[in-house]
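Peer 1: next one to model:
(one chain, ligands or ions: 1)
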Amino acid sequence: MAHKFPKDFIFGAATSAYQIEGAAFEDGRGQTMWDVIHRDQEGKPTQDVGDIACDHYHRYKDDIKLMKELGLQSYRFSISWVRIYPQGAGEINPLGVNFYQNLIDELIKNGIEPTATLWHGDLPLVYDEKGGWLNPEVIEHYLNYAKTCFDLFGDRVKIWYTHNEPWCAAFLNEHPLGDQLQIAHHLMIAHARVIKLYRNHLNGDGKIGIVLNLGKQYPKTFEKMDQFAARNVDGFVNRWFLDPVIKGEYPKDMMELYRKQGHHFIIESKDLDELKRYPMDFLGINMYSRGVQSYAPFNPPFYAQDYHMPEAIYTEMGWEVCPSSLYELLMDIKEKYHNIEVFITENGAAFKDEMIDNKIHDPLRADFIKKHLEAVQKAISHGVNVTRYYAWSLFDNFEWGLGYSKRFGIIHIDYETQKRTIKASGYCYQRIIQKRSL
Ligand code: BGC
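Peer 2: Sure, this is the predicted structure:
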């Protein structure tokens, strides 16, 4: 007989504001860096933009009906900073606030728990122009925005995420590595201070954590040097964020590696004290794939090269499908990070969909979700404290630099008509939620 998920295990799906909302120029919303990245100087799009996206801003009520039909218990969305503060700080925009009040109320009315990410990639343009997170001033503005969100929504939103994937914000840019490490550190300080604020806040009676993109790193062979390469990439992607947010310190081997190579960044001990003093309640993991590393002597800083597994299935993103690595990642977290409570805050895959008789066939995506949930079950049976799973994503949506070309949704979006169609993977997930087993 198939195993049941624990009674209090929660199934949900995730999205983010810029990727689905659209209504980019409505109701007083300010501009984010993403409103300009794909535009020329006259404002004409040079690539896909999120002006309309899934038009969720106007269609949220119908979208919540679909969530209900799928049986979702919880929904992870992000709040758009510039809908609340069009200029990043200063005047609050009441129409932007209304949108989230209505969204939250409608979710609760439909028996779906709202959970909110404070920042999911869409930094206000005003701050991007001042250097983004490299500029420590942004931290104060972020705290002010976070406080406003707790004031406005904290009575009904009881699960909060500080940042989504700080690794991407820190490292997917053109800055030199020293500055990137500084950005990462500013994000860590901001994270700790938001937690402090939440703890001291009137409504701070829920749970708060961070969302990290993690992927287990394997050496290509048992050779010592391949292991060295895998350990470096693990340090870069995983431990550089896990260690500060859970232990209040940075990994020594990576510190040494960066310093030896002359990358300059400043970490003060008082910042680490703050991280130690305000631990988070849970760790959110976005898991899509793993890495296999081979030693590459001429490839600093990590002396590693990604190895392509000849037999494996790769998604449209070029990411290897490897559900067993999720189980192993979770076991690592249990052992090395005090068995902290874990939510899988994103997991999913971009595959091509096939439309047959008005139905969307996506067997590879359905299989991906099932196999990863199997890995979660196995981890639970081995004592890992994983309590939630959010599929990425509820809808096909704006996949950042890749626009609308990659589809991650369990609900298909026809971008011409905005018609929504639950895919076969969505129905598969619905059955899993109904049965609470695979
Ligand atoms: C992000 C999402 C993104 C997804 C697929 C994560 O990196 O949080 O915004 O769409 O993965 O790339």
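Peer 1: which residues of the stretch 1-150 of the chain lie near the ligand?
Peer 2: 16, 19 (C-beta under 6 Å from any ligand atom). C-betas here are computed from N, CA, C, even on glycine.
Peer 1: so, low pLDDT: which residues of the stretch 1-150 of the chain?
Peer 2: Low-confidence segments of the stretch 1-150 of the chain (pLDDT under 70): 1.
Peer 1: look up the closest residue to residue 89, ignoring the ones flanking it.
Peer 2: What sits nearest to residue 89 in space, not counting adjacent residues and going by C-beta to C-beta, 6 or more residues apart in numbering, is residue 141, at 4.8 Å.
Peer 1: pull the distance from whatever helix or strand that neighbour lives in to the chain's centre.
Peer 2: According to DSSP states H and E, residue 141 maps onto helix 137-153. Distance of helix 137-153 from the chain centroid (C-alpha atoms, centre = their mean, to the nearest Å) equals 19 Å.
Peer 1: can you give me the buried ones in that helix?
Peer 2: Applying a neighbour-count criterion of 16 or more other C-beta atoms under 10 Å, one finds 138-139, 141-142, 145-146, 148-150, 152-153 buried in helix 137-153.
Peer 1: nearest to the ligand, of those?
Peer 2: Closest to the ligand out of the buried residues of helix 137-153 is residue 142 (17.8 Å), distances taken as C-beta to the nearest ligand atom.
Peer 1: now tell me what touches the helix holding residue 141 from outside.
Peer 2: The contact list for helix 137-153 (C-beta atoms under 8 Å, 6 or more residues apart in numbering) reads 79, 81, 84-85, 88-89, 92, 97, 100-101, 104, 114, 116, 118-119, 123-124, 127, 130-132, 160, 162, 186, 189-190, 193-194, 197-198, 201, 203-204.
Peer 1: same check, this time on stretch 94-113
Peer 2: The contact list for stretch 94-113 (C-beta under 8 Å, 6+ apart) reads 10, 12, 27-29, 57, 60-61, 64-65, 67-68, 72-75, 77, 79-80, 82-84, 86, 114, 152-153, 156-159.
Peer 1: per-residue confidence for the residue lying closest to residue 267 once chain neighbours are set aside?
Peer 2: Take residue 267 and drop its neighbours on the chain: the residue closest to it by C-beta to C-beta, 6+ apart is residue 185, 5.5 Å away. With respect to pLDDT, residue 185 scores 98.
Peer 1: how near is residue 185 to residue 136?
Peer 2: Residue 185 sits 10 Å away from residue 136, going by C-beta to C-beta, to the nearest Å.
Peer 1: what about those two, which has more around it?
Peer 2: Each of residue 185 and residue 136 has its neighbours counted (other C-beta atoms under 10 Å); residue 185 has more, 23 against 14.
Peer 1: mind listing what the more buried one touches?
Peer 2: By C-beta under 8 Å, 6+ apart, the neighbours of residue 185 are 265-267, 271.
Peer 1: shouldn't residue 407 be within a strand?
Peer 2: No - Residue 407 sits outside any strand when classified using DSSP: H, G, I helix; E, B strand; the rest coil, being coil.
Peer 1: surely it and residue 353 touch.
Peer 2: Yes - assessed by C-beta atoms under 8 Å, residue 407 is found in contact with residue 353 at 6.1 Å.
Peer 1: the two: which has the busier surroundings?
Peer 2: More neighbours surround residue 407 than the other of residue 407 and residue 353, with 22 against 17 (other C-beta under 10 Å).
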